[in-house]
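what's the 3D shape of this:
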Amino acid sequence: MGAKNSKNAKAAKNGADTHPQVDAPAPDQDAAVECKLKHFIEVRVEYEDTGALVETGMNKRLVLNNGETRDVALGPGAQAGGKYATGKILTSTDVCHVSFPDMYDAEIKPK
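Model (predicted):
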């Protein structure tokens, strides 16, 4: 659209007039809409004696702070290195719950 076509120029002006006339915030002012920081949770399991990561055969259940439940089974082709990460999807740092439903009589030490 440009001034060479008067019909387009009038349509552009009418479109601009329908939007609120608000100035952008000054550099020392807060933004009009705050950005939300995203967080993630990552879980990995290590053998206590060797420190090597358990890469297969470990089932994890995560109850995220947004109410979502994820059942994750590690195996070949899963996330590399025996780790599982949610990606940056969580909008708060509230508590998430992690459990290992297939483990019995095992001592778990969070790091």
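
where do the helices sit along this structure?
6-17 (DSSP state H).

the lowest-mean-pLDDT helix or strand in it: partners in the sheet, and parallel or antiparallel?
Lowest on mean pLDDT, DSSP states H and E among the helices and strands of the chain sits strand 83-85, with a mean of 77. Strand 83-85 pairs in its sheet with strand 42-44 (antiparallel), by DSSP bridges.

so which bits of the partner strand are buried?
The neighbour-count check on strand 42-44 (16 or more other CB atoms under 10 Å) flags 43-44 as buried. Placement of C-beta: from N, CA and C, glycine included.

got a list of contacts for it?
53, 60, 62, 72, 81-86, 98 (CB atoms under 8 Å, 6 or more residues apart in numbering).

can I get those in JSON lines with neighbour count and distance to Asn8?
Formatted as JSON lines, the contacts of strand 42-44 follow (neighbours: other CB atoms under 10 Å; distance: CB to CB, whole Å):
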{"residue": "Leu53", "neighbour count": "15", "distance to Asn8": "62"}
{"residue": "Lys60", "neighbour count": "19", "distance to Asn8": "58"}
{"residue": "Leu62", "neighbour count": "17", "distance to Asn8": "54"}
{"residue": "Val72", "neighbour count": "16", "distance to Asn8": "55"}
{"residue": "Gly81", "neighbour count": "10", "distance to Asn8": "57"}
{"residue": "Gly82", "neighbour count": "18", "distance to Asn8": "60"}
{"residue": "Lys83", "neighbour count": "14", "distance to Asn8": "55"}
{"residue": "Tyr84", "neighbour count": "20", "distance to Asn8": "54"}
{"residue": "Ala85", "neighbour count": "11", "distance to Asn8": "50"}
{"residue": "Thr86", "neighbour count": "19", "distance to Asn8": "48"}
{"residue": "Val98", "neighbour count": "15", "distance to Asn8": "59"}
